[in-house]
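Engineer: Could you work out the structure for the sequence below:
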Amino acid sequence: MAKDEASTHATFKSYMANIIEPAVSRHEGHIVKSTGDGFLARFPTVLGAVVCAESIQREIGASNKSVPLQQRLKFRIGINVGEVIVEDYDIFGEHVNLAARLQAFAEPGGICVSRAVYDVTRNRLPLRFADLGRRMARNVPHPIHVYALLPDRNGESERASPIKRAHYFRRRMLNATFGTRPRRLVLVGVLAVSVVLTVIPGHRLQFTPVTTEAAPRSILPPADKPSIVVLPFSNIGGDRDQDYFADGISEDIITDLSQLSQLFVIARSSSYAYKVIAKPPNQIGHELGVKYVLVGSVRRDGDRVRVDCQLVDSATGEQLWAERYDRELNRIFDIQDDMSGRIVSALAQKLAIDLVAEHRQRTTDVGAYDAYLKGFSYLHKLTPEHTAQAVRLFKTAIALDADFSRAHAALAATYLLATRSLWYKALGFRSEFDTEALAIKEADLAMRDPSALAFTVRAALSYREGLYDKAFKDLAEAQAREPNDPEIFAQLGTLHVKIGQPEAAILDFRTAWSLDPNQPADEALLGVAEFARNHFNESARLIEAAYASNSENATYLDHLIAAYALIGRTDRARGWLGTMNELRAKAGIEPYTLFVASKSQFYDKDCDLFRLREGLRLAGVPAGPDPTPPIKGANCVLTPAE
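Structural biologist: Reported below is the predicted structural model:
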């Protein structure tokens, strides 16, 4: 408005007349009133309100493509359902107010809905939602459970890749409200909308609760290395129960290629974002910024397996190499070794460089390998129940082949995950010390024939014991074996935070994120490092974004709570405190206290611990027992550095 009042007003009126009003009418809604920079509407059904809101955002997004960046209008939409009081030219009531509050949680161009709307919609419309957790809102006495509607895959503008889309909607959402039939008390979907205008050429203002800094981006691969993504192999046998087998083959190929320091290999969790998305390989390569794409399929039929694969240059679409393998199942390891070797040979010839694929020792027992693959398929789901299933399957693999070193390493990693995430009760144990002890035992067994995973798990265990030099040495060994493993860089970053070097940690975490741009844990760890730098706004944004993609993990929420409190947002801090304690209660763990913060897995230095404790104290976290030794806050800076 300040830059060009007439043009802005004309654009708003045009969107109202040509997009918003027709969409509301099509879905049997009624615009109750315009609020100058937004509107209030009501609908006879919740489904109608949600479909209308999605349609509005999609059409406005398409229209914005042809508008210069500095002239674009973006709407936030919030949707709620409940009884309202209807008068001639307005509607009133608590549920209208809640809808207006929901829009404040939304990203420009996005939609946020209440739990009631989500429950009605989730199984009746082909839409996807991100769980943003329970939030405190102004003048609302209780937390609101907020869900963000993820965008239509064909309805985005510059954020079209599923990787970037996932990060984008983990970071922010939008503003709106809806209603229904004109009766005194009605069940409504209330849509409240506000408008956001991007006003600075070449920059995007972030209208989020915590910061106006630019959002982090997926970091592109380095220009000096050939880069490759191995897409999840498709299971064409028709038996969905065999999906794990196809996934396991492609994951093993990723591990083989990751051993080559001359290559840049996208990690499994990011490549698997494309599992259900039908796109040409060259387009996927372009979206991830990689030069080469490996695609394949697997058909398993009894004791035989057929694997088809091809290596594609994403820039030209040229097929560099293709092969079909039709073998007995007990030859699956020969297939994988041959595939890895041929891929490396094709790349070496294409790039005129010397690449040598190392042979990786595996079990020779097909049953053990099968259980191992199933175990990883459960482990990747990152829930307490699936973690327990992974333990059972890795134990089965070891029972079939006691010398299967990678199964021991995988079991150690699973116990470590249960320890870190406080999921020990789901595994039948009384405390995290029980699962940690088993992780140590399995890591020692894995070191008989050590893999990168074995060294990585042992480094993590050394970290927990305060043996930082030993942890750094083990990570160096792991990196020598798999230089493309993002987990190694993530652990290096965690070590650097621990010893008081958050700037070095940020470089490590960003490298991990570049290798695995769809990994929320790396985003959260960046938030921890930013917290250690007194960048509380950025810390809160990163951790909140990570939580939106994995709402089962409370590991980093103490930093989110403290960050909000230290920038004066105690309402949000207390809302997230409720969410964290709910997750702890679900896992059978007592509520969080300042004493727990005193034993933070991320910090050793007094000022780091004092900063975390002080933020949590401001949020209302109870003290608990006094820490020993006491944490001194003298000369510690708590002023935000942004």
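
Engineer: For the rest of this, base every contact and every neighbour count on C-alpha atoms.
Structural biologist: Will do.

Engineer: residue ranges for the strands of this protein, please.
Structural biologist: With DSSP state E as the criterion, the chain has strands at 30-34, 38-43, 73-87, 90-92, 111-114, 129-135, 144-149, 185-197, 227-230, 234-235, 264-265, 292-301, 304-313, 319-328.

Engineer: Comparing these, which comes out most buried?
Structural biologist: Of all those, strand 111-114 has the most neighbours on average by mean count of other CA atoms under 10 Å, namely a mean of 32.

Engineer: contacts for that strand?
Structural biologist: Contact with strand 111-114 is made by 53-54, 76-81, 99, 102-103, 105-106, 144-150, 173-176, as judged by CA atoms under 8 Å, 6 or more residues apart in numbering.

Engineer: same thing with stretch 425-439?
Structural biologist: Under the contact criterion CA under 8 Å, 6+ apart, stretch 425-439 has outside partners 384-385, 387-388, 411-416, 418-420, 422-424, 587-588.

Engineer: ok, now with 7 Å
Structural biologist: Identification of contacts with stretch 425-439 by CA atoms under 7 Å, 6 or more residues apart in numbering yields Pro384, Glu385, Ala388, Ala412, Ala413, Tyr415, Leu416, Ala418, Thr419, Leu422, Tyr424.

Engineer: Please give me every residue in contact with the third one.
Structural biologist: Residues touching Ala388, when contacts are defined by CA under 7 Å, 6+ apart, comprise Ala426, Leu427.

Engineer: And it, what's its pLDDT?
Structural biologist: Looking at Ala388, its pLDDT is 93.

Engineer: Cross the contacts of stretch 425-439 against helices and list the overlap.
Structural biologist: Using DSSP state H, the subset of these located in helices is Pro384, Glu385, Ala388, Ala412, Ala413, Tyr415, Leu416, Ala418, Thr419.

Engineer: Narrow those to those that are buried.
Structural biologist: The neighbour count (16 or more other CA atoms under 10 Å) marks Pro384, Ala388, Ala412, Ala413, Tyr415, Leu416, Ala418, Thr419 as buried among the ones in helices among the contacts of stretch 425-439.

Engineer: Look at the fourth one and report its pLDDT.
Structural biologist: Looking at Ala413, its pLDDT reads 92.

Engineer: now the residue sitting nearest the centre point of the chain, nearest residue through space, not along the chain?
Structural biologist: When CA atoms, centre = their mean is applied to the chain, the residue found nearest the centroid is Pro520 (3.2 Å). Leaving aside its sequence neighbours, Pro520 sits nearest to Ala546 (CA to CA, 6 or more residues apart in numbering; 4.5 Å).

Engineer: Give me the distance between that neighbour and Asp522.
Structural biologist: According to CA to CA, to the nearest Å, Ala546 stands 8 Å off from Asp522.

Engineer: And Arg574, by the same measure?
Structural biologist: On the measure of CA to CA, Arg574 and Asp522 end up 25 Å apart.

Engineer: now swap in Gly82 and tell me
Structural biologist: 39 Å.

Engineer: More neighbours: which of Arg574 and Asp522?
Structural biologist: Between Arg574 and Asp522, Asp522 has the larger neighbour count (other CA atoms under 10 Å), namely 29 against 24.

Engineer: need the contact list for that one.
Structural biologist: By CA under 7 Å, 6+ apart, the neighbours of Asp522 are Ala490, Phe509, Ala512, Trp513.

Engineer: So the third one is in contact with Pro486, correct?
Structural biologist: Yes. Taking contact to mean CA atoms under 7 Å, the distance of 4.3 Å between Ala512 and Pro486 places them in contact.

Engineer: what about the helices in the stretch 451-600 of the chain?
Structural biologist: With DSSP state H, counting those that start in this stretch as the criterion, the stretch 451-600 of the chain has helices at 452-464, 468-481, 486-498, 502-515, 520-532, 536-549, 557-566, 570-586, 594-598.
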